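Undergrad: when you get a sec, could you give me coordinates for this:
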Amino acid sequence: MDPLLASLRAAVAAAPEDSTLRLHLAGLLLDAGEHTEAVGHVAAVLGREPGHAEAGALMARALNPAPPPEAPTTPPAFDWAAAEAEVGDVVGPRFAPEGEGDAEPIAVGPPRGGGRFAVERPDLRLADVGGMDAVKKRLEAAFLAPLRNEKLRALYGKSLRGGLLLYGPPGCGKTFFARALAGELGASFLAVGIHDVLEMWAGNSERNMHDVFLAARAAAPCILFFDELDGIAQKRSAVTGGVLRQVITQMLSELDGVSAGNEGVFVLAASNMPWDVDPALRRPGRFDRTVLVVPPDDEARRAILDLHLRERPVENVKLRTLAARTEGFSGADLAHLCEVATERALLDSVSTGTARMITQDDLLAAAAELRPSIGPWFTTARQVALYANTDGTYDELATYMKKHKLL
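TA: Okay, the predicted model is just below:
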């Protein structure tokens, strides 16, 4: 507290009728920003002397404080030369000199056709997929055998028209199998997802679909793989907008050229919900062959676990025991299990201050904690196998579910 103000307050309290003393205190209070107390003192004087000039002036000052000084409206000029000198060794010059060494002009807009999509050459083979012999046999019969044996294909009149649809629960390796098929054939591999095709602007989605096939033709022999086909080509009866309808029409047009314009282009697709795919795409000459990709069997689970633990610090892990405890887990579930076990060992190492290896106990604890993620898929698939399989499309699914007591 200001000592002067404290002394004046005490003096006013001792001589409340002294108007001069009270107004002097009010003026100092206003200077200190204590407007409420100052108004009280001035009001006391005006109550006794309504026409007191000095009191009236102080009251006006208290009730109408002067506005704070305005900030300058014009900011100081920015020193661009100093700023450029400061970052000159970090940021290059704004403009390059003309003449020798000029770069090629950059095209405006996204590249179209073959340059837009990433084409790869997988070095995978079906032999690299552990277990899953039943799936491999179906792929061999439905896809690889006709392609490998040209003379037998001619003898039996087997056409190469049409595509192959891989379906099954999520996270069970449909894309992995598609890459392995490309490796078996020594073909290029072009994977296309929903975001590569669908756009909000009218006409762009159809053009994207055309460009996908252009890229595959340019890379022939090529496996053109559509992931999540049910998202790209959903049943038109369930589609409210016009974009998806046009995309499906464009896709049908491109597929119907498999025997001619698509020479060397082998079309595959994957779907978790094949029953949601537009029926027109399932007709002969299109995606007329299906292969069910089921959850990994015991041998496949050992291979997947070995893959995900190979680069981690593990100790005394028994893959056979672990595989037996994870029946019904998808490949994605097994990868997550390894992550959970790793986190368990990591957190324990942090809490104890001593790094330790990932052990069998960590993996078994993670297996006990997690549940297979594919249960909801089989719940839906059961309804399909029971009530939507009049044409035998899902016989393979029904057989698998009966064998594993899911139907």
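
Undergrad: all strands for the stretch 251-400 of the chain, in order.
TA: For the stretch 251-400 of the chain, the strands defined by DSSP state E, counting those that start in this stretch occupy 265-271, 289-292, 314-315, 358-359.

Undergrad: pick the most deeply packed of these.
TA: strand 265-271 (a mean of 25; mean count of other Cβ atoms under 10 Å). For glycine as for every other residue, the C-beta is placed from the backbone atoms N, C-alpha and C.

Undergrad: now that strand: mean pLDDT?
TA: Per-residue pLDDT over strand 265-271 has a mean of 91.

Undergrad: and if you look at stretch 206-226?
TA: In the prediction, stretch 206-226 has an average pLDDT of 91.

Undergrad: could you list the buried residues of that stretch?
TA: Within stretch 206-226, the residues that qualify as buried are 206, 208-219, 222-226, counting by 16 or more other Cβ atoms under 10 Å.

Undergrad: inside helices: which ones of these?
TA: With helices taken from DSSP state H, the overlap with these comprises Glu206, Asn208, Met209, His210, Asp211, Val212, Phe213, Leu214, Ala215, Ala216, Arg217, Ala218.

Undergrad: any idea which helix is longest in the protein?
TA: Per DSSP H, the chain has its longest helix at helix 331-352.

Undergrad: for that helix, packing partners?
TA: With contacts taken as 3 or more Cβ pairs under 8 Å, 6 or more residues apart in numbering; DSSP states H and E, helix 331-352 sits against helix 298-309, strand 358-359, helix 360-369.

Undergrad: what's the closest of the ones in helices among the buried residues of stretch 206-226 to Glu54?
TA: Among these, Asn208 lies closest to Glu54 (Cβ to Cβ), at 84.3 Å.

Undergrad: identify the residues contacting the residue lying closest to the closest one once chain neighbours are set aside.
TA: Among residues not flanking Asn208 along the chain, Val197 sits closest, at 4.8 Å (Cβ to Cβ, 6 or more residues apart in numbering). The contact partners of Val197, taken as Cβ atoms under 8 Å, 6 or more residues apart in numbering, are Ser205, Asn208, Met209, Val212, Ile232, Val247.

Undergrad: which one among those residues gets closest to Lys402?
TA: Nearest to Lys402 among those, with distances taken as Cβ to Cβ, is Ile232, at 31.4 Å.

Undergrad: in stretch 337-353, which residues are buried?
TA: Here stretch 337-353 shows Leu337, Cys338, Ala341, Thr342, Arg344, Ala345 as buried, counting by 16+ other Cβ under 10 Å.

Undergrad: now the residues you listed as a markdown table including distance to Ala300 and pLDDT?
TA: Compiled in a markdown table, the buried residues of stretch 337-353 are given as follows (distance: Cβ to Cβ, whole Å; pLDDT from 0 to 100):
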| residue | distance to Ala300 | pLDDT |
| --- | --- | --- |
| Leu337 | 14 | 96 |
| Cys338 | 15 | 95 |
| Ala341 | 19 | 95 |
| Thr342 | 21 | 95 |
| Arg344 | 24 | 94 |
| Ala345 | 25 | 93 |
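
Undergrad: farthest pair in these?
TA: The most distant members of the buried residues of stretch 337-353, if one measures by Cβ to Cβ, are Leu337 and Ala345, lying 13.0 Å apart.

Undergrad: what is the burial count for the closest residue in space to Tyr400 that isn't next to it in sequence?
TA: Spatial nearest neighbour of Tyr400, chain neighbours left out: Val294 (5.7 Å); criterion: Cβ to Cβ, 6+ apart. Val294 sits with 22 neighbouring residues when counted by other Cβ atoms under 10 Å.

Undergrad: adjust the sequence numbering to begin at 5 for everything that follows.
TA: Sure, I'll start counting at 5 from here, so that last one is Val298.

Undergrad: who touches Val298 in this structure?
TA: Met136, Ala138, Val139, Gly172, Pro173, Cys176, Tyr404.

Undergrad: distance of the closest residue to Ala274 other than its chain neighbours from Leu218?
TA: Excluding the flanking residues, the one nearest Ala274 by Cβ to Cβ, 6+ apart is Lys178, at 3.9 Å. Taking Cβ to Cβ, to the nearest Å as the measure, Lys178 falls 25 Å from Leu218.
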